[in-house]
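Q: Output the structure for:
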Amino acid sequence: MGSSHWSTDAYRARRAYNASAGRSDFGYTDDVLSGVPRSSWKAHPTLDPRGVAFRESRDSDAHPESLAVSVLFDVTGSMGRVPRTLQRKLPDLFGLLLRKGYVEHPQILFGAVGDATCDRVPLQVGQFESGNELEDDLGNIVLEGGGGGQNTESYELAMYFMARHTSMDCLEKRGRRGYLFLIGDERAYGAVKAREVRSVIGDDLTEDIPFPVILAELRSRFEVYFVMPSGSAHYLSDEIRGFWDTHLGQNVIHLEDLDAVSETIAVTIGMAEEAVDLDRGLADLADAGSEAGDVVGRALRPLAEARGSVVRSGRLPGTPGGAGVERL
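A: Numbering: from 1, shown residues only. This next block holds a predicted model:
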């Protein structure tokens, strides 16, 4: 956290070295799943939320105006191959944000969500990082593959942690909320349960907190999105979609191809930061050699139209005299 910098070249070199040496990119998960009885599974020490006062996003000489970006994804069984794909694709997020200047000084936190009613590792939360250290957090996430089978997971417990255990200079110094992307395919439970908070996080919470209350508290600190990815068991569930549409409205993103997750998050942030409209963001992806433009466009068109951030003239974005952003 703080003064390091992201290097896409270093990230690719590390992956290539691991592949040539026969090493897994997700060593902690592989060690836990293969060599430890399930009853003894636990979060990696760097990701264990218990006893954590705050995960901090701070300014530094190298990053004088940090912006906190958080991505927490569901690692239960209904998500299928999704978690490993996310671990592979999410490091690209830094490069995408920096390449076109959507965010000058992002600090990114990764974490994972399970089910506190039955999982051994229901919540894992890394640090806000400015550089390649975030690869270690992703590699240390336990992909438990559990869950309770009742179409609900403990997203509300993750929301509680992010609402009450983060401290961000972007908010405290500049009044700018951070960004939080939850990636999953089920509903949250109806309340943050005090007993789960005491057990998993360690706070002496005495009363349950209704889900709408903790969500409102979270949204005072973060711009919150829920991403429902293809490849998960409940991607097409009207019940699940209805739950998140009710609570987050336009900030629910339905993603047809998980390989486009980093591009989707980057363009979402670019639009929210008013660095680009959707069409300009898609053009930026094409300029960067990404083939995800069609998928990203379909995923974000409803959000862009709701915010009035789609180019509405016949001119192509970036051409002389092109239209600017039309806002509602």
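
Q: Go through the helix or strand harbouring A306 and flag the buried ones.
A: Assigned by DSSP states H and E, A306 belongs to helix 293-307. By neighbour count with 16 or more other Cβ atoms under 10 Å, helix 293-307 contains the buried residues G293, V295, V296, G297, A299, L300, L303, A304, R307. All C-beta spots, glycine's among them, are computed from the backbone N, C-alpha and C.

Q: again with stretch 276-296
A: Across stretch 276-296, burial judged by 16+ other Cβ under 10 Å covers 276-285, 290, 292-293, 295-296.

Q: repeat for stretch 268-278
A: For stretch 268-278, a neighbour-count test (16+ other Cβ under 10 Å) marks T268, I269, G270, M271, A272, E273, A275, V276, D277, L278 as buried.

Q: try stretch 89-100
A: K89, L90, P91, D92, L93, F94, G95, L96, L97, L98, K100.

Q: Which neighbouring elements make contact with the helix holding A306?
A: strand 252-255, helix 261-272, helix 278-287 (3 or more Cβ pairs under 8 Å, 6 or more residues apart in numbering; DSSP states H and E).

Q: gap between that helix and the chain center?
A: On the basis of Cα atoms, centre = their mean, to the nearest Å, helix 293-307 sits 18 Å off its chain's mean C-alpha point.

Q: what mean pLDDT would you report for that helix?
A: Average pLDDT, helix 293-307: 95.

Q: The chain: strands as residue ranges?
A: 55-57, 67-74, 106-113, 123-125, 152-153, 166-168, 178-183, 187-188, 191-192, 209-210, 222-229, 252-255 (DSSP state E).

Q: which residue is nearest the centroid of the protein?
A: In the chain, the C-alpha nearest the mean C-alpha coordinate belongs to V71, at 1.7 Å (Cα atoms, centre = their mean).

Q: so that residue sits right up against I108, yeah?
A: Yes - using Cβ atoms under 8 Å, V71 is in contact with I108, at 7.0 Å.
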